[in-house]
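Here is my input, please return the structure:
(one chain, ligands or ions: 1)
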Amino acid sequence: MDLKSNHASPVLTEASPINKSRRGLRAKLLLCSAPSASFLPGLLLTSPKMKHAILDDVRSATWLDAMKSSSPPPKLITKDIDNDIGASEPDVAYQTWMLKYPSALLSFEQFANSAKGKRIVLFLDYDGTLSPIVEDPDRAFMSDDMRKAVGKAAKCFPTAIISGRSRDKVFEFVTLPELYYAGSHGMDIRGPVRPPSSDDHPNSIRSTDKQGKEVNLFQPASGFLTMIGEVFASLVEATKDIDGVIVENNKFCVSVHYRNVDVKSWDKVVACVGGILKEYPHLRLTLGRKVLEVRPVIDWDKGKAVMFLLESLGLSKCEDVLPIYIGDDRTDEDAFKVLREGNQGFGILVSSGPKESSAYYSLRDPSEVKEFLNSLVIWKKSSAL
Ligand SMILES: O=P(O)(O)OC[C@H]1O[C@H](O[C@H]2O[C@H](CO)[C@@H](O)[C@H](O)[C@H]2O)[C@H](O)[C@@H](O)[C@@H]1O
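Coordinates of the predicted model:
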């Protein structure tokens with residue numbers, strides 16, 4: 001099957017088992033006629049006429065604008081959505097914003113009241129949430145204290161990491177085998193063995209992990225594996241002369257980092273990525289924190305991964321379950337939205353600058369995330385007495 005053709009996507013064919021409708025979660029994978037507007041509102045990619053993430057010169061200019069507008073000059077950086085450094089002095093805009101997104105720490109009592117008698121399930125993003133944003137993606141280590149906090153929380157609540165990284169890579173950073181892991185923005189899930197009553201998902205297989213524990217592996221984009229490998233190799237080759245570019249293979253998606261690239265060369269990065277994506281109509285492009293992310297055009301995201309894991313845990317239809325999702329990035333908004341729309345739990349946005357979100361609460365940075373996790377554990381233990 002030629003995955004480059006417009007007519008032969010494994011995602012599209014009627015014959016494909018993944019298109020059969022199902023009860024329960026209905027994890028059918030559809031061709032997105034356009035990527036989610038929440039990634040890059042106003043960009044041409046979201047036009048209803050656009051079927052694919054092909055970038056021509058005009059659209060390249062639009063991507064460049066989006067990259068620049070999410071990275072204003074250093075002087076303005078305390079108000080930037082991509083601000084990686086906590087504001088050191090009281091920031092009126094931030095305080096005002098916090099009226100809408102109260103601090104999960106300062107409002108802990110209110111939060112605890114609404115969580116009383118509920119079974120909490122924790123979903124945690126990795127970069128910018130458990131580890132601070134750093135220049136080298138390979139060195140985004142989490143602190144030992146953070147690992148302890150996550151480990152203690154996982155003893156009290158089912159806990160999953162949901163990351164844009166490859167599942168193996170994020171596991172290498174976190175190294176806590178008792179957690180569940182979803183890599184590639186939820187397209188590679190290692191979760192619990194699903195209850196017998198739940199719907200049987202294709203692309204879902206039982207497996208045994210290194211500790212001999214039975215797990216369920218779910219990879220809704222498995223048909224894209226070869227294509228992603230090919231695109232990764234092409235991107236490495238195409239960008240090799242641009243100083244500072246890092247291309248990261250996240251298994252079912254590819255990250256093209258421009259954090260360390262001189263702003264004057266950002267247009268070259270966009271042109272390289274656009275030139276390659278022209279050949280791949282079933283891949284799309286989204287924008288993260290100084291990173292362009294190439295991913296399959298399937299209707300699957302971190303929000304769907306959260307629902308899949310809740311269902312796998314046998315907790316999706318329980319009124320007394322309270323999912324909490326903590327994340328910092330645009331891709332985490334899909335999870336915040338699913339929880340908000342289902343009136344099911346709380347999203348907590350990690351941000352040191354004001355930013356529109358579907359989350360309910362906020363935390364300023366990973367150190368506040370750690371404090372919140374520790375508070376949750378203390379609260380859980382004291383409420384069990
Ligand atoms: O879903 P996440 O776990 O938040 O992963 C999103 C991307 O995170 C990483 O990139 C970001 O963090 C890097 C390390 O701090 C930073 O250098 C980069 O600028 C950020 O975009 C990761 O490298 C990507 O592959 C993930 O998609």
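
residues from the stretch 101-250 of the chain in reach of the ligand?
Within the stretch 101-250 of the chain, the positions adjacent to the ligand are 125-128, 133-135, 137, 140, 163-165, 248, 250 by Cβ under 6 Å from any ligand atom. Every C-beta, even on glycine, is put in place using the N, C-alpha and C of the backbone.

Okay, now the unreliable bits of this structure?
In the predicted model, the chain carries pLDDT under 70 at residues 1-59, 72-90, 197-200, 385.

run the last query once more with 90
Per-residue confidence for the chain (pLDDT under 90) gives these ranges: 1-63, 65, 68-93, 193-215, 316-319, 343-344, 383-385.

Can you show me the helices along it?
Assigned by DSSP state H, the helices in the chain fall at 57-69, 92-100, 108-115, 144-156, 167-174, 225-238, 266-277, 302-312, 333-341, 366-383.

The fifth one: how far from the chain's middle?
Yep, that's helix 167-174 we're talking about. Per Cα atoms, centre = their mean, to the nearest Å, the displacement of helix 167-174 from the mean C-alpha position of its chain is 14 Å.

cool, and the last one?
Remark: helix 366-383 is offset 23 Å from the chain centroid, using Cα atoms, centre = their mean.

For the ligand, what's its nearest residue on the stretch 51-200 of the chain.
Taking Cβ to the nearest ligand atom, the ligand has its nearest neighbour within the stretch 51-200 of the chain at Gly164, 2.7 Å off.

Report the contact partners of that residue.
Gly164 makes contact with Asp127, Gly183, Ser184, His185, Asn250, Cys253, Ser255, Gly288, Glu293, Asp329, Thr331, according to Cβ atoms under 8 Å, 6 or more residues apart in numbering.

Just list whatever residues bridge to the first one.
With DSSP bridges applied, Asp127 shows beta-bridge pairing to Ser131.

circling back to that earlier point, could you look over the helices of the chain and pick the most buried one?
The highest mean neighbour count among those, using mean count of other Cβ atoms under 10 Å, belongs to helix 302-312: a mean of 25.

how far off helix 333-341 does that helix point, in degrees?
Interaxial angle of helix 302-312 relative to helix 333-341 (axes from the mean of the first three to the mean of the last three Cα atoms, to 10 degrees): 60 degrees.

Show me what helix 302-312 is packed up against.
The criterion is 3 or more Cβ pairs under 8 Å, 6 or more residues apart in numbering; DSSP states H and E, and the helices and strands that helix 302-312 contacts are strand 119-124, strand 159-162, strand 180-183, strand 188-191, strand 321-327, helix 333-341.

do that helix and the ligand meet?
No: against the ligand, helix 302-312 shows no contacts by Cβ under 6 Å from any ligand atom, the least distance being 7.5 Å.

can you put the contacts of Gly164 in a markdown table and add neighbour count and distance to Asp267?
As requested, the contacts of Gly164 are exported to a markdown table (neighbours: other Cβ atoms under 10 Å; distance: Cβ to Cβ, whole Å):
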| residue | neighbour count | distance to Asp267 |
| --- | --- | --- |
| Asp127 | 24 | 25 |
| Gly183 | 27 | 31 |
| Ser184 | 29 | 28 |
| His185 | 28 | 26 |
| Asn250 | 26 | 24 |
| Cys253 | 27 | 23 |
| Ser255 | 21 | 19 |
| Gly288 | 20 | 19 |
| Glu293 | 24 | 18 |
| Asp329 | 27 | 24 |
| Thr331 | 25 | 24 |
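
and which of those residues is nearest Glu356?
Each of the contacts of Gly164 was checked against Glu356 using Cβ to Cβ; the closest is Asp329, at 13.5 Å.

quick one on the thing from earlier: okay, the helices of the chain in TSV with distance to Ala359 next?
What follows is the helices of the chain, written out as TSV (distance: least, Cβ to Cβ, whole Å):
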stretch	distance to Ala359
helix 57-69	22
helix 92-100	10
helix 108-115	13
helix 144-156	18
helix 167-174	21
helix 225-238	30
helix 266-277	29
helix 302-312	12
helix 333-341	5
helix 366-383	13
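
With respect to Pro195, which of the ones you listed lies nearest?
The stretch from these with the least distance to Pro195 (Cβ to Cβ) is helix 302-312; that distance is 7.7 Å.

what's in contact with that closest one?
When contacts are defined by Cβ under 8 Å, 6+ apart, helix 302-312 is touched by residues 24-25, 27, 121, 123, 125, 160, 162, 180, 182, 185-187, 189, 191-195, 198, 201, 216, 218, 316, 321, 323, 325, 327, 331-332, 334-339.

Now list the buried members of these.
Neighbour counting with 16 or more other Cβ atoms under 10 Å marks 25, 27, 121, 123, 125, 160, 162, 180, 182, 185-187, 189, 191-192, 194, 198, 201, 216, 218, 316, 321, 323, 325, 327, 331-332, 334-339 as buried within the contacts of helix 302-312.

circling back to that earlier point, for Asp91, which of the helices and strands packed on helix 302-312 is the nearest?
Nearest to Asp91 among the helices and strands packed on helix 302-312 is strand 321-327 (21.5 Å), distances taken as Cβ to Cβ.
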